[in-house]
Structures are given as structure tokens and as C-alpha cells.
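Colleague: I'll drop the sequence and a predicted model, then ask my questions.
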Amino acid sequence: MTRLFHAVLVGVLGAGIVHIAVLLMVPAYSQRDAWSILSERSNFYLPTRLDPAGEQPLIASLDPLFSAIACRFDLSDGVVRIHGAAGVPFWSISVYDRVGQNTFSFNDRSTDDSRLDFVVGTPVQMIDLRNALPTDFARSVFIEADVTEGIVVVRSFRPDESWSRIIDAFLNRINCTLHD
């Protein structure tokens, strides 16, 4: 009976220690989400590398075969346009809301010429934009997002190290611009 009591006591004590440790770590992890990490590094509409060369990646769970940039946006200022050139084996784009929920995602196979040219806006902004479409948006893909603030992430596949220069040039030429 004393062995059972001892085992239960050690189990309860161990569970208590684990729970206290988790409670003490929650503030550190809850304030270190992708939004807060990006906001420390860059402002709205400024593409930021998630895997800067020679540095610790901004997001710990990045796939080593992909290079990526992120751009924070605020749709209350207007629509945001993400555009760049083609020429990489594969790219994908994802739109996340402020808390990190994926609201839209697709890749270069969704376009006719593999060019990166997307406009993100609210449903109301998209209606207004389509009524008076700017000429430079004629070939853009439109993404309706029911978010006010969010993050656009563009990833590019790097088959091997020989592609690094090409992938870096592709990501460095991506623009993330606000259009009123």
C-alpha cells in the first residue's frame, strides 16, 4: 500500500511541476507568434526573408528545401499587390490572417505563365477594383480575403544549392505594394 501511495504522490508531484513549467512558458510563446516576430523586423508592405542567409530563421519550422519571404499588410489602407518575375522551379503563395490561420493558398501551376502577380483585398474592395480596373492589374489574380490585417508568404522550392542564387534573386525582386 505504501508503494502505491508513493507512486501516486510522485505522479501528482511530477504533474504539478510540469503544469507550473507550462504556465511559466506560456507568456514567452504567446508573444512570439509570426505576427510579432515580423513586426519587430519590418514594417507593413516590406517583404522580409524568413530564412536570411547566415542567420537564424525567423520561423523555426521552415522546410529546408524552401526559401521564403513574408509581407505584412493592412487592408484598411487599400488593396495589396504582390508581384514578381517567373523563372523558378516552383513557388507558392499563402495568405494568413493576423493570428496565423491560412485563408488562401495556391502555387505557380494556378497561373498561365508562372508569373507572380496577385492582388489581395476585402470583398468590398474587390468589387470597387473590378469596376475601375487599373491597367497594371489586367493580368493579376484577385484574392478576396475576409481579414483586415494579415501576412502573405511566398515560398520557392530550392531543388539543390545550385539554385540558391536564382531563388534568392526571385525572392528579392518580389514587391509588396499598397494600392489605394
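Modeller: Done, it's in. Numbering: from 1, shown residues only.
Colleague: Count the neighbours of Ala145 for me.
Modeller: For Ala145, the count of nearby residues is 22 (other Cβ atoms under 10 Å). (Each C-beta comes from the backbone N, C-alpha and C, glycine too.)
Colleague: Show the model's pLDDT score for it.
Modeller: With respect to pLDDT, Ala145 scores 90.
Colleague: what's the distance between it and Phe5?
Modeller: To Phe5, Ala145 is 58 Å away according to Cβ to Cβ, to the nearest Å.
Colleague: cool, and Gly11?
Modeller: The gap separating Gly11 from Phe5 is 11 Å, by Cβ to Cβ.
Colleague: before we move on, what about Val99?
Modeller: 45 Å.
Colleague: swap in Ser164?
Modeller: From Ser164 to Phe5 the distance is 61 Å (Cβ to Cβ).
Colleague: So for these two, which residue has more residues nearby?
Modeller: Neighbour count, other Cβ under 10 Å: between Ser164 and Phe5, Ser164 has more, with 12 against 9.
Colleague: In which helix or strand does Arg155 reside?
Modeller: According to DSSP states H and E, Arg155 maps onto strand 149-157.
Colleague: Pull out the buried residues from that strand.
Modeller: When neighbours are counted by 16 or more other Cβ atoms under 10 Å, the buried residues of strand 149-157 are found to be Gly150, Ile151, Val152, Val153, Val154, Arg155, Ser156, Phe157.
Colleague: tell me the SS of Ser164?
Modeller: Secondary structure for Ser164, judged by DSSP: H, G, I helix; E, B strand; the rest coil, is helix.
Colleague: pLDDT of the strand or helix carrying Ile20, averaged?
Modeller: Using DSSP H and E, the element containing Ile20 is helix 2-30. In this model, helix 2-30 has an average pLDDT of 77.
Colleague: List the buried residues of that helix.
Modeller: Buried residues in helix 2-30 (16+ other Cβ under 10 Å): none.
Colleague: can you give me the strands for this protein?
Modeller: 48-49, 66-74, 79-84, 91-97, 102-107, 116-121, 141-144, 149-157, 175-179 (DSSP state E).
Colleague: Just checking: what are the partner strands of the fourth one?
Modeller: Strand 91-97 has the following sheet partners, assigned by DSSP bridges: strand 102-107 (antiparallel), strand 149-157 (antiparallel).
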